[in-house]
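Q: Sequence and predicted model, in that order:
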Amino acid sequence: MVVMSSEEYAPPKYAQIVQTIRRKIADGTYPPGSLLPSETQLVREFGVSRPTVVRALQVLQLRGVIEREHGKGSFVKAAPPVTQEANTRPGRAVLDRVESDENGSVIDAGTVIADASAAKLLDVPEGSPVVRRRILFHDAERPADLVTLWCPANVAEGTQLALTEPLAVGIRQHLQAAKGLKLQHVVERLSARHPSADEARALEVPKSSAVLGVLASIFNGGGRPVLVVDLVLPGDLHELEDAYSL
């Protein structure tokens, strides 16, 4: 039997920051309403890169633990909720991630012809033009997750989804600002699998490794699918956490 060291089980650095800050909130080090240390202070405290700190803060924000105010900093919420299960869902979280803040690089973006799978998910005829956007996010040490986004060409028209520059706001905010489009709900499917050859190359993992695949269909208020997000997470870097009332 091979004995693994505790270091080999250590979570990624952004997750360690999340755990530490939540622990300090719980023990009163950071009481409700208090201002967390600045990003620069957290970079120095944890010895990590700024994108790693930003990612940790965004995770805390998505989980409803803190509020982030531009130009002011991050504040502990007065009553951190434990029942907002939607905030922990990976499909929803992708819509609010800021590519330029999270060390995201756009692998490719542009108009392609929808194959049968993409056409079915978007409810458009096979062969229709769709915009595909692929973004690779890194933590301080390695690729952390791969996001592929499909959007009907008419929905993407007038947006920056087909451009190769990282977005400076989340996809949901960008679509609302550019098109007045409000995303209403998400249908999410999770699967444990091996990566494809392209995914293994992008994520720098062996083809025999385990990844978590999240396929999310995002609908507008009229019940039409307007986005499909395919999120690939290396199994050794990620775990999913959820909280909900009974």
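A: Structure received. Numbers count the residues shown, from 1 in each chain.

Q: C-alpha from now on. contacts and neighbour counts both.
A: Will do.

Q: Make sure V186 is actually in contact with N220.
A: No - V186 is beyond contact range of N220, at 9.3 Å (criterion: C-alpha atoms under 8 Å).

Q: More neighbours: these two, which one.
A: A side-by-side neighbour count of V186 and N220, using other C-alpha atoms under 10 Å, places V186 first with 19 against 15.

Q: Quickly list what the nearest residue to the more buried one once chain neighbours are set aside is bridged to.
A: Computed as C-alpha to C-alpha, 6 or more residues apart in numbering, the closest residue to V186 that is not its neighbour in sequence is I218, at 4.6 Å. When assigned by DSSP bridges, I218 has beta-bridge partners V186, L227.

Q: Contact partners for I218?
A: I218 makes contacts with 183-187, 225-229, as judged by C-alpha atoms under 8 Å, 6 or more residues apart in numbering.

Q: With E69 instead?
A: By C-alpha under 8 Å, 6+ apart, E69 has no neighbours at all.

Q: so the residue lying closest to A118 once chain neighbours are set aside is in which element?
A: In space, and not counting its chain neighbours, A118 is closest to W150: 7.4 Å by C-alpha to C-alpha, 6+ apart. If you go by DSSP states H and E, W150 is part of strand 143-152.

Q: now swap in S100 and tell me
A: Going by DSSP H and E, S100 is not in any helix or strand.

Q: Also E188?
A: Secondary structure (DSSP H and E) places E188 in strand 183-193.

Q: all strands for the chain, in order.
A: Per DSSP state E, the chain carries strands over the ranges 66-69, 73-76, 104-113, 129-138, 143-152, 183-193, 211-220, 225-234.

Q: okay, those strands in JSON lines with mean pLDDT and distance to K120 next?
A: Output for the strands of the chain, formatted as JSON lines (pLDDT from 0 to 100; distance: least, C-alpha to C-alpha, whole Å):
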{"stretch": "strand 66-69", "mean pLDDT": "88", "distance to K120": "38"}
{"stretch": "strand 73-76", "mean pLDDT": "92", "distance to K120": "41"}
{"stretch": "strand 104-113", "mean pLDDT": "95", "distance to K120": "13"}
{"stretch": "strand 129-138", "mean pLDDT": "95", "distance to K120": "12"}
{"stretch": "strand 143-152", "mean pLDDT": "94", "distance to K120": "12"}
{"stretch": "strand 183-193", "mean pLDDT": "89", "distance to K120": "14"}
{"stretch": "strand 211-220", "mean pLDDT": "92", "distance to K120": "11"}
{"stretch": "strand 225-234", "mean pLDDT": "93", "distance to K120": "10"}
